[in-house]
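*Asks:* Have a look at this prediction, sequence included:
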Amino acid sequence: MDPAREEILTELHRYNQEQLPTSAFSLYELKMASLSIFFLVCAAVLLVISYLRKLLSGSTTKNFPPGPRGLPILGNLHQMGKQPSRTIRDMSKIYGPTVGLHLGSTPMVVLHDPATVRKVYNDENVTGRPQTQILNFFFKNRGIVMAEGQLWKEHRRFALSTLRNLGMGKSWLEDAILDEVQEIIEQFRTREGAPFDARRHLTLAVSNVVCALVFGRRFDHNDKRFIRLCNMFADYMALVNSLLPVQAFPILKDIPCLKYQKLFDEFMVSIKEIGGFTNEMIEEHKTKVPEAKNGMIKQDYITAYMEEKKKQDPNTTTFDDEQLMFSIVNLFTGGTESSASTLLWGMIHLARFPDVQQKIHKEIDAVLGGEKRLVILSDRGQLRYTDAALQDVQRLAAMAPLSLPHSNFEAMEIDGYNIPARSFIHQNIFSLHYDEKYWAKPNELYPEHFLDENGDVMSPAAFMSLSVGKRSCLGEALAKMETFLFFSNIVGSFRITGNKEELDRVTRNMTLGILNSPLPFDIQLIPRRW
């Protein structure tokens with residue numbers, strides 16, 4: 001460059017630096033700020049238009065369930081707080097067991113009475129799912145959990161039948177679970193009672209059980225792809241919680257200055273990675289038949305799905321690879337995160353209530369005697385206190401605090417109130433599980449909640465850990481089998497303890513979103529048998 005020209009440019013640069021304050025925006029920052037303001041203005045205009053349309057249409061429902069007055073456009077969204085199920089529980093003490101709210105302009109009804117929940121959730125009219133812009137974008141009415149209508153009925157029926165044929169009551173599935181139980185107990189023993197975070201170990205072990213059903217194989221716990229898959233599912237569930245406001249206001253994901261754009265992008269990355277992995281497994285099954293184990297299993301979920309697809313008319317079938325991919329994602333999210341989180345809550349509450357833990361130890365020792373073996377399913381009838389303790393852990397955990405939203409296809413009445421079509425309808429499981437009307441000691445681990453006067457295990461009306469009705473958890477039988485075998489064997493093999501202040505803090509700060517997974521914590525597992 002010409003020295004004179006270089007000197008002029010240097011001087012101009014120095015002059016500009018002297019004239020501009022150090023806090024001045026760069027040109028890029030100014031452009032981004034302007035863009036953010038533009039998006040905010042557009043979002044505000046669209047929200048106002050939407051609100052005015054609703055107001056002018058006279059669509060406000062008369063005799064809607066009582067609830068706090070909301071704001072124009074926002075509805076009650078600003079009142080939900082960080083723990084919506086707890087906040088709405090408090091509202092029900094003022095407005096009654098059927099609370100009416102609005103997410104933006106969408107009506108939302110939250111039920112707090114067990115009898116009402118069962119009546120409503122068994123109504124065919126309430127088997128829909130909310131068809132919001134963001135949910136349609138994510139799930140496309142595919143899979144099982146977020147689908148509705150004829151597609152949902154067809155694939156739920158297939159999934160229930162296939163899971164029953166593959167594993168429920170079959171010895172190979174119990175063996176597969178016990179293999180994972182044995183491995184995780186050995187891993188825990190290597191900790192020698194030192195504090196550690198058990199989340200990763202439990203997630204990998206529980207996920208492998210689902211892999212056995214879906215893929216017909218298990219993965220080594222050090223397999224990098226498998227670890228990545230489990231991490232992606234954990235991220236997926238955490239991001240679903242964080243993106244709840246976007247369901248009411250999809251425009252939020254397009255505003256650069258808000259956190260939701262980044263969260264939405266991360267969510268899409270997790271879906272893409274999960275989809276990529278499952279599609280690899282699907283393609284692998286097209287060329288390779290899963291091997292049988294001891295002659296006890298001849299197929300898995302993917303193979304059964306492909307066989308069903310061959311039977312159907314290719315011009316009308318809904319059994320395609322995309323539907324299979326979404327179904328697999330549903331089976332994993334329902335069968336891994338909830339079960340692993342239940343076991344983590346079990347460790348927390350047993351450490352907080354050592355007297356309950358001692359009674360479980362005594363019962364397991366009496367049933368196993370001096371045998372060096374694991375607890376098996378046939379022991380369950382003799383381990384009634386242990387079984388009741390697990391169910392009370394599930395009550396305290398309230399794994400799906402507000403449950404997944406249902407939606408009514410047509411306008412209806414609930415408890416004498418008018419509910420417009422396509423409302424969000426929730427049951428407040430957190431409230432039901434902590435209501436002193438139904439539980440003698442709602443804030444304590446008290447297995448007697450689930451034992452009758454004869455000491456037999458019972459299921460109280462207010463207990464709804466896996467939801468109820470026509471859309472109840474399709475993996476309920478697997479979840480019960482899996483959590484019992486993991487829970488009883490871990491508790492029987494170790495004395496569980498930890499820092500009481502830390503565990504109390506985790507208990508107080510439950511996430512209470514879509515899934516109530518505990519915050520990170522350390523636990524101590526001190527070997528006690530063998």
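*Replies:* Sure thing, it's come through.
*Asks:* shaky segments in the stretch 201-350 of the chain?
*Replies:* Applying pLDDT under 70 to the stretch 201-350 of the chain flags residues 289-298.
*Asks:* how about the strands in it?
*Replies:* With strands called from DSSP state E, counting those that start in this stretch, the stretch 201-350 of the chain shows none.
*Asks:* And for the stretch 1-150 of the chain?
*Replies:* Ranges of strands in the stretch 1-150 of the chain, per DSSP E, counting those that start in this stretch, are 98-103, 106-111.
*Asks:* Identify whichever of these lies nearest to residue 335.
*Replies:* Between residue 335 and the strands of the stretch 1-150 of the chain, the shortest gap by C-beta to C-beta is with strand 106-111, which sits at 26.0 Å. No exception for glycine: its C-beta is placed from N, CA and C like everyone else's.
*Asks:* relative to strand 98-103, how tilted is that closest one?
*Replies:* 150 degrees (axes from the mean of the first three to the mean of the last three C-alpha atoms, to 10 degrees).
*Asks:* chain center to strand 106-111, what's the gap?
*Replies:* Centroid displacement of strand 106-111 relative to its chain, using C-alpha atoms, centre = their mean, to the nearest Å, is 20 Å.
*Asks:* circling back to that earlier point, now mean neighbour count and mean pLDDT too, for the strands of the stretch 1-150 of the chain, in TSV please.
*Replies:* Converted to TSV, the strands of the stretch 1-150 of the chain look like this (neighbours: other C-beta atoms under 10 Å; pLDDT from 0 to 100):
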stretch	mean neighbour count	mean pLDDT
strand 98-103	24	96
strand 106-111	24	96
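*Asks:* Need the ones you listed in CSV (columns: distance to residue 350).
*Replies:* Below are the strands of the stretch 1-150 of the chain laid out as CSV (distance: least, C-beta to C-beta, whole Å):
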stretch, distance to residue 350
strand 98-103, 34
strand 106-111, 31
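*Asks:* Next up, the contacts around residue 383.
*Replies:* Shown in contact with residue 383 (C-beta atoms under 8 Å, 6 or more residues apart in numbering): 363-364, 367, 375, 488.
*Asks:* which of those residues lies closest to residue 251?
*Replies:* Nearest to residue 251, judged by C-beta to C-beta, of the contacts of residue 383 is residue 488 at 49.2 Å.
*Asks:* doesn't residue 384 make contact with that closest one?
*Replies:* No - checked against C-beta atoms under 8 Å, the pair residue 488 and residue 384 is beyond contact range at 11.5 Å.
*Asks:* When these two are compared, which one has more neighbours?
*Replies:* More crowded of residue 488 and residue 384, by other C-beta atoms under 10 Å: residue 488, with 26 against 17.
*Asks:* that's a strand at the more buried one, yeah?
*Replies:* No - applying DSSP: H, G, I helix; E, B strand; the rest coil, one finds residue 488 to be helix, outside a strand.
*Asks:* give me every residue that touches the closest residue to it other than its chain neighbours.
*Replies:* Nearest residue to residue 488, sequence neighbours excluded (C-beta to C-beta, 6 or more residues apart in numbering): residue 375, at 4.3 Å. By C-beta under 8 Å, 6+ apart, the residues touching residue 375 are 364, 367-368, 383, 485, 488-489, 492.
*Asks:* measure residue 375 to residue 185 for me?
*Replies:* With distances taken as C-beta to C-beta, to the nearest Å, residue 375 is found 11 Å from residue 185.
*Asks:* Same question for residue 224.
*Replies:* Distance, residue 224 to residue 185, using C-beta to C-beta: 24 Å.
*Asks:* Of those two, which one has the most company?
*Replies:* For residue 224 versus residue 185, the count of surrounding residues by other C-beta under 10 Å is larger for residue 185: 21 against 9.
*Asks:* Per-residue pLDDT of the more buried one, please?
*Replies:* Residue 185 is assigned 97 on the pLDDT scale.
*Asks:* can you check residue 519 too?
*Replies:* pLDDT, the model's per-residue confidence, is 93 for residue 519.
*Asks:* can you pull the contacts of the nearest residue to it once chain neighbours are set aside?
*Replies:* Excluding the flanking residues, the one nearest residue 519 by C-beta to C-beta, 6+ apart is residue 506, at 5.0 Å. Listed by C-beta under 8 Å, 6+ apart, the contact partners of residue 506 are 348, 518-519, 521.
*Asks:* quick one on the thing from earlier: need the residues touching each of residue 375 and residue 185.
*Replies:* residue 489.
*Asks:* Is residue 460 in a helix, a strand, or coil?
*Replies:* Three-state call for residue 460 (three-state DSSP): coil.
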